[in-house]
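Chemist: Here is the input, now give the coordinates:
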Amino acid sequence: MTQTAAATTTEVGPTAPKWQGLALSAVRVVVAFLFLCHGLQKMGLFDKPAVPFGTWPGWYAGVIETVGSLLILAGLFTRPVAVLLSGTMAYAYFVVHQPDALLPLQNKGETAALYSWIFLLFAVVGPGTYALDTLLRRRKS
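Modeler: From the prediction side, this is the model:
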């Protein structure tokens, strides 16, 4: 089976259809935008008071969420940033939510758990076809 140039540019696999890289890029952009809203909320936007400057872990989480989501949105340094964000959300789940109850539905940790797993997925499969990482990799080739 021969590989086409378009199929090798996506990070979902050399034999993956072209649309998979596009779909992965679209999901990355939407998830990053939604996550950016969480980070900006901690910074005081969206009618919620800002987390006080320098407080642990809230303020630092807000900075990591805001900067990390902008990088994920652009598809720049996607894999290492996704690992960091996945770990941040795992920390949020186990330290903030899990002590309240065993199940995510009971402890209101569904969002943290979902973000953790989605960012872990981006760390494994990459940013998709439409990302700065992909563009930079193509230019090196």
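Chemist: Check the secondary structure at the spatially most central residue of the chain for me.
Modeler: In the chain, the residue lying closest to the centroid (Cα atoms, centre = their mean) is Phe119, at 4.2 Å. What DSSP: H, G, I helix; E, B strand; the rest coil gives for Phe119 is helix.
Chemist: can I assume it is in contact with Ala82?
Modeler: Yes. Phe119 is within contact range of Ala82, at 4.5 Å (criterion: Cβ atoms under 8 Å). Just so you know, the C-beta spots here come from the backbone N, C-alpha and C atoms, and that holds for glycine as well.
Chemist: Give the residues shared as contacts by the two.
Modeler: Residues touching both Phe119 and Ala82 (Cβ atoms under 8 Å, 6 or more residues apart in numbering): Ile72.
Chemist: Skip the chain neighbours and tell me the closest residue to Cys37.
Modeler: Phe46 (6.9 Å; Cβ to Cβ, 6 or more residues apart in numbering).
Chemist: chain center to the top helix by length along the chain: distance?
Modeler: In the chain, assigned by DSSP state H, the helix with the most residues is helix 18-42. Averaged C-alpha coordinates place helix 18-42 at 7 Å from its chain's average position (Cα atoms, centre = their mean, to the nearest Å).
Chemist: ok, now stretch 97-114?
Modeler: With Cα atoms, centre = their mean, you get 19 Å for stretch 97-114.
Chemist: can you pull the buried residues of it?
Modeler: Neighbour-count burial for stretch 97-114, counted by 16 or more other Cβ atoms under 10 Å, picks out 97-98, 104, 107, 109, 111-113.
Chemist: Select, from those residues, the two members most distant in space.
Modeler: Gln98 and Thr111 (13.4 Å; Cβ to Cβ).
Chemist: count of neighbours near His38?
Modeler: For His38, the neighbour count with other Cβ atoms under 10 Å is 19.
Chemist: now it: how far from Thr66?
Modeler: 9 Å (Cβ to Cβ, to the nearest Å).
Chemist: tell me the contacts of the residue nearest to the centre of the chain?
Modeler: 31, 72, 82-83, 85-86, 89.
Chemist: hmm, try it at 10 Å
Modeler: 28, 31-32, 35, 68-69, 72, 78, 81-90 (Cβ atoms under 10 Å, 6 or more residues apart in numbering).
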